[in-house]
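*Asks:* Got a sequence here, can you model it:
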Amino acid sequence: MIAKTMCVCPNKINRVVLYVPSGIKNAPAIKSASMMLPMIAYWITGKEKWLKKCMLPMAITEDNITKDIYETAKLSIDHVKIKKGMPSNVDEKLIKKCTAPTLVMAAEKDCLFPGNGVIERAKKIIPNCKTYLLKGRGHMNFLTDEEKEMIVDFLLG
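*Replies:* So this is what the prediction gives:
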């Protein structure tokens, strides 16, 4: 949403952090196909094991699926009408109008928004861009204390 906002009202953005962002460089839909069969099995059976298998490609390890993350995903899947398909990538010409300092933090093993591709495109299309690759991590991950401090320092910068 923030990347799209950068396109629509670039003058309203003073400083921004894009954390595992969609809309910069999305993975091909086939990359998320491994989540579809477990999702269908979950919808049919309601069994926890299928929901966890669905989440695993995004989490990389079960340690990243905390109780809070699991419950949030479960509530979303059970009660929210999820839009089918990936969000579209931002328009290059529009986002270039946003000159606010931007920190893009992308996860190397993110099956939805692969880190290296996100960072490569972000450097090309976002004028005042700093990037950081979350090595070895997927879409669901935890920041280190140093990374949290990096974000705070950047936003206060």
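
*Asks:* And residue 131, how far from residue 67?
*Replies:* In this view, residue 131 and residue 67 are 32 Å apart by Cβ to Cβ, to the nearest Å. C-beta: built from backbone N, CA, C; applies to glycine.

*Asks:* And those two? Which one has more around it.
*Replies:* residue 131 (17 against 7; other Cβ atoms under 10 Å).

*Asks:* Going by neighbour count, which residues in the host helix or strand of that one are buried?
*Replies:* Per DSSP states H and E: residue 131 is located in strand 129-134. Residues of strand 129-134 classed as buried: 129, 130, 131, 132, 134 (neighbour count, 16 or more other Cβ atoms under 10 Å).

*Asks:* Also stretch 117-127?
*Replies:* Buried residues in stretch 117-127 (16+ other Cβ under 10 Å): 118, 119, 121, 122, 125, 126.

*Asks:* List just the nearest of the buried residues of strand 129-134 to residue 50.
*Replies:* residue 134 (27.0 Å; Cβ to Cβ).

*Asks:* Quick check: the closest residue to that closest one other than its chain neighbours vs residue 113, distance?
*Replies:* Leaving aside its sequence neighbours, residue 134 sits nearest to residue 107 (Cβ to Cβ, 6 or more residues apart in numbering; 4.4 Å). As for residue 107, its distance to residue 113 is 8 Å (criterion: Cβ to Cβ).

*Asks:* what's the overlap in contacts for the two?
*Replies:* Common contact partners of residue 107 and residue 113 (Cβ atoms under 8 Å, 6 or more residues apart in numbering): 20, 139.

*Asks:* Torsion angles phi and psi at the spatially most central residue of the chain?
*Replies:* In the chain, the residue lying closest to the centroid (Cα atoms, centre = their mean) is residue 20, at 3.2 Å. In terms of degrees, to the nearest 10, the main-chain angles of residue 20 are phi 40, psi 60.

*Asks:* can you tell me which residues contact it?
*Replies:* 105, 106, 107, 110, 113, 134, 139, 141.
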